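Participant: This is a predicted model, with the sequence first.
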Amino acid sequence: GFFGLAYLMAGRYEDALRLVEREDPQTRTRGDWVMGAVLYGALGRQEEARAAVLEALKRHPDLTIESFALNSPGYSDAERQRLVEGMQSAGFPPCIKPEQLQAMAAPVHRLPECQAVSPP
C-alpha cells in the first residue's frame, strides 16, 4: 500500500500497478481497488479503469471520492489531491451518501459539487 502510493506520487504508474496486480483480488483492500483504478486511468487504460471502479463498487458499495480520498486518515494534501483527480478520472462517484454523512464525525471534507447537493 505505502509503496504503491509512493510510486503513484512519483509518477511511476507502471511500478505501482505491478504491486496492485500482484495482490489476490479476493484479499484486496478498498484502497487497493481504488489504487488500481486510479493507476489504470493514469496510464490511459480507461476500459480497465472503469472495470476496476465497477468491481470496487461491487465490493464496497459506499465507496466515493469524498469517503475515500477526502475523509480517510493518513494522506497529505498532495496525496489527497492526486487521489481526488485520479478517482474522478477513473469514474468513481463523487459524493458521500446522506446516510454516511450523518454517521461521520465533523469535520467532514466535501467536494464543492457535493456541498450543493447534500449540505453537512
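Facilitator: Thanks, I have it. In this text the structure is predicted, and so the values were computed from the model without any measurement. Residues are numbered from 1 along each chain as shown.

Participant: So which residue is smack in the middle of this structure?
Facilitator: residue 34 (4.1 Å; CA atoms, centre = their mean).

Participant: Give me the secondary structure label for that residue.
Facilitator: Under DSSP: H, G, I helix; E, B strand; the rest coil, the three-state class of residue 34 is helix.

Participant: pLDDT below threshold where in the chain?
Facilitator: Flagging of the chain using pLDDT under 70 yields the residue ranges 1, 117-120.

Participant: If we use 80, what do you get?
Facilitator: 1-2, 106-107, 116-120 (pLDDT under 80).

Participant: any idea where the helices of it begin and end?
Facilitator: Assigned by DSSP state H, the chain shows helices spanning 2-9, 13-22, 30-42, 46-59, 65, 77-90, 98-103, 112-115.

Participant: Let me have these in JSON lines, adding distance to residue 71 as columns.
Facilitator: (Glycine included, C-beta is placed from N, CA and C.) Formatted as JSON lines, the helices of the chain follow (distance: least, CB to CB, whole Å):
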{"stretch": "helix 2-9", "distance to residue 71": "17"}
{"stretch": "helix 13-22", "distance to residue 71": "22"}
{"stretch": "helix 30-42", "distance to residue 71": "13"}
{"stretch": "helix 46-59", "distance to residue 71": "16"}
{"stretch": "helix 65", "distance to residue 71": "10"}
{"stretch": "helix 77-90", "distance to residue 71": "10"}
{"stretch": "helix 98-103", "distance to residue 71": "9"}
{"stretch": "helix 112-115", "distance to residue 71": "11"}
